[in-house]
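K.L.:
Can you look at this prediction? I've put the sequence above it.
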Amino acid sequence: MKKFSSDRWVPYTIATCSAVILYFLISNIGAFFEFLGVIGGFVFPVFLGLVFAYCLNPLVVLVEKKVFFKVKGEILRRNLSVILSVAGIFAFLGVLLGNMIPQLANSAMTFVSNMGDYIVSLQSYLKELSDNASGMNIDISSFVNSSDSLLEQLEKLVPEDATGVINTSKDIGSSVVNIVLGIILSIYFLLDAKRLKMSFKRLMKALLTDKAYRSSAEFWHKCDQILVRYIAFSLIDALVVGIVNAIFMAICGMKYAVLVSMIVGVTNLAPTFGPLVGAILGAFILLLVKPWYALAFLIFTVILQTFDGYILKPKLFGESFGVSGLWILIGIIVGGRMFGVVGILFAIPAVAILDFTYKNYFLYKIEELKEKRYGASAAPKEERNGTDADSEEDRNTALKENQNAASK
């Protein structure tokens, strides 16, 4: 085995086999992704269970430390904390959804049933606007015609029967089954969290050296901090934005306050483009009801997002991520293209983790390899002699002094 591993042809053989495998995968990329889709369908409930358990674990740890800290048995303390945390989450969601879902359903059904009346009202408003503009020698007929055509197409999209609802219900039913299985698995993951962590630690210690194990443990601890902070503060931020928007719409007497505020709050979870999408959807709904509602909503949204971007989010997130806006934008675009909505939602923590990895591991490893290869002379000039200009000037001055001393 040792002789085989030292053979100079081994690297070329491995590279050739890897190239053949890669070519086979690229040539059959459709079948490969179809196979991954089938496997993913079976594994998806397990993945959901891990995600739910990860999100609930901070709450379980908090309950364990603050509520059941006097319970002596560690297993009993953990089990009671999991039961209380899960029951509390279900109770909170039950009360919240029990109050919101009827209002959302009523608003959505009312909006769909009145869609035709809203479109007729908006068309008459546009015609009146066109007549007034013609009186001032302003031609907006092309804009009005385009708007009428768009509204007519929109009216055709409104379902006249329940066929679309039935087809959608099948997909929703499948998703509900996966979510229920994920919740059940998450409870088991939470109950056996310590045992799973110990097993994983033993595996990593067996596979890695002590130095590599400490480095990987530090890395995963930092990733955990970034993700927990991002998820918690993003939910708080979206909740605050949605509630403030609902209060504004209720004060102004606007219709569909719950529906629009839910859209604004949910889309606010997506960075950069999310608030824009929420503003467009909310304004469109209000535009069909009354155009001035849409204008007031857009003005308030600009004010609210300014407050959110410059005051609320800095207070919540602070400087914990330290990633430039350019990299966040690139992360959103790439994440959205590769993973859809999930990629957009987790673009910021993903970019923050990549930035942390690059600065603390990749660059450090390169500098370490450079120092081993070239020795102390590989250190940057700035660290050894100050700036390039200063070091060059110092060398010239020293050379002149040596020449003067030699001539004397």
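P.N.:
Structure's in. What do you need?
K.L.:
Skipping adjacent residues, who's closest to V228 in space?
P.N.:
P58 (5.8 Å; C-beta to C-beta, 6 or more residues apart in numbering). Where C-beta positions appear, they are placed from N, C-alpha and C, glycine not excepted.
K.L.:
what's the burial count for the one you found?
P.N.:
The tally of other residues near P58 (other C-beta atoms under 10 Å) stands at 14.
K.L.:
let's have the chain start at 4 instead
P.N.:
With 4 as the first residue, the last one maps to P61.
K.L.:
That one against A235, yeah?
P.N.:
Yes: between P61 and A235 there is a contact at 7.5 Å, judged by C-beta atoms under 8 Å.
K.L.:
which intervals of the stretch 254-403 of the chain have sub-threshold pLDDT?
P.N.:
Where the stretch 254-403 of the chain drops to pLDDT under 70, the residues are 320-328, 344, 378-403.
K.L.:
those helices in it, which residues are they?
P.N.:
260-270, 276-292, 294-310, 316-320, 328-348, 350-360, 366-377, 384-388, 391-410 (DSSP state H, counting those that start in this stretch).
K.L.:
Spell out, range by range, the helices that occur in the stretch 54-203 of the chain.
P.N.:
77-116, 118-138, 144-160, 166-194, 196-210.
K.L.:
what's the average pLDDT for the shortest one?
P.N.:
Looking back up the chat, that one is helix 196-210. Average pLDDT, helix 196-210: 85.
K.L.:
Let me know the angle separating it from helix 77-116.
P.N.:
110 degrees (axes from the mean of the first three to the mean of the last three C-alpha atoms, to 10 degrees).
K.L.:
buried residues in helix 196-210?
P.N.:
Using 16 or more other C-beta atoms under 10 Å as the test for burial, helix 196-210 gives A196.
K.L.:
residues making contact with that helix?
P.N.:
Applying C-beta atoms under 8 Å, 6 or more residues apart in numbering, the external contacts of helix 196-210 come out as A56, N60, V63, E77, R81, F192, Y216, S219, A220.
K.L.:
can you rerun that using 6 Å?
P.N.:
Applying C-beta atoms under 6 Å, 6 or more residues apart in numbering, the external contacts of helix 196-210 come out as Y216.
K.L.:
CA atoms of it as PDB?
P.N.:
Taking Å, rounded to 0.1, in the frame of the first residue of the first chain, the C-alpha atoms of helix 196-210 are listed here in PDB:
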ATOM      1  CA  ALA A 196     -29.100  16.600  21.000                       C
ATOM      2  CA  LYS A 197     -26.400  16.000  23.600                       C
ATOM      3  CA  ARG A 198     -25.900  12.400  22.500                       C
ATOM      4  CA  LEU A 199     -25.800  13.400  18.800                       C
ATOM      5  CA  LYS A 200     -23.200  16.200  19.600                       C
ATOM      6  CA  MET A 201     -21.000  13.800  21.500                       C
ATOM      7  CA  SER A 202     -21.100  11.200  18.700                       C
ATOM      8  CA  PHE A 203     -20.300  13.900  16.200                       C
ATOM      9  CA  LYS A 204     -17.400  15.200  18.300                       C
ATOM     10  CA  ARG A 205     -16.000  11.700  18.700                       C
ATOM     11  CA  LEU A 206     -16.100  11.200  15.000                       C
ATOM     12  CA  MET A 207     -14.400  14.500  14.300                       C
ATOM     13  CA  LYS A 208     -11.700  13.800  16.900                       C
ATOM     14  CA  ALA A 209     -11.100  10.400  15.300                       C
ATOM     15  CA  LEU A 210     -10.800  11.900  11.800                       C
END
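K.L.:
surely L230 meets P352?
P.N.:
Yes: counting by C-beta atoms under 6 Å, L230 does reach P352; the two are 5.3 Å apart.
K.L.:
So the two - more neighbours on which side?
P.N.:
P352 (20 against 17).
K.L.:
Give me the nearest residue to the more buried one, chain neighbours excluded.
P.N.:
Nearest to P352 is Y233, by C-beta to C-beta, 6+ apart, at 4.5 Å.
K.L.:
next one: W330
P.N.:
V354 is the one closest to W330 (C-beta to C-beta, 6+ apart), at 5.2 Å.
K.L.:
I figured the one you found was touching L329, is that so?
P.N.:
No: V354 is beyond contact range of L329, at 10.0 Å (criterion: C-beta under 6 Å).
K.L.:
These two - which one has more neighbours?
P.N.:
Neighbour tally, V354 and L329, criterion other C-beta under 10 Å: the higher count belongs to V354, 23 against 9.
K.L.:
Quick check: the more buried one vs F222, distance?
P.N.:
16 Å (C-beta to C-beta, to the nearest Å).
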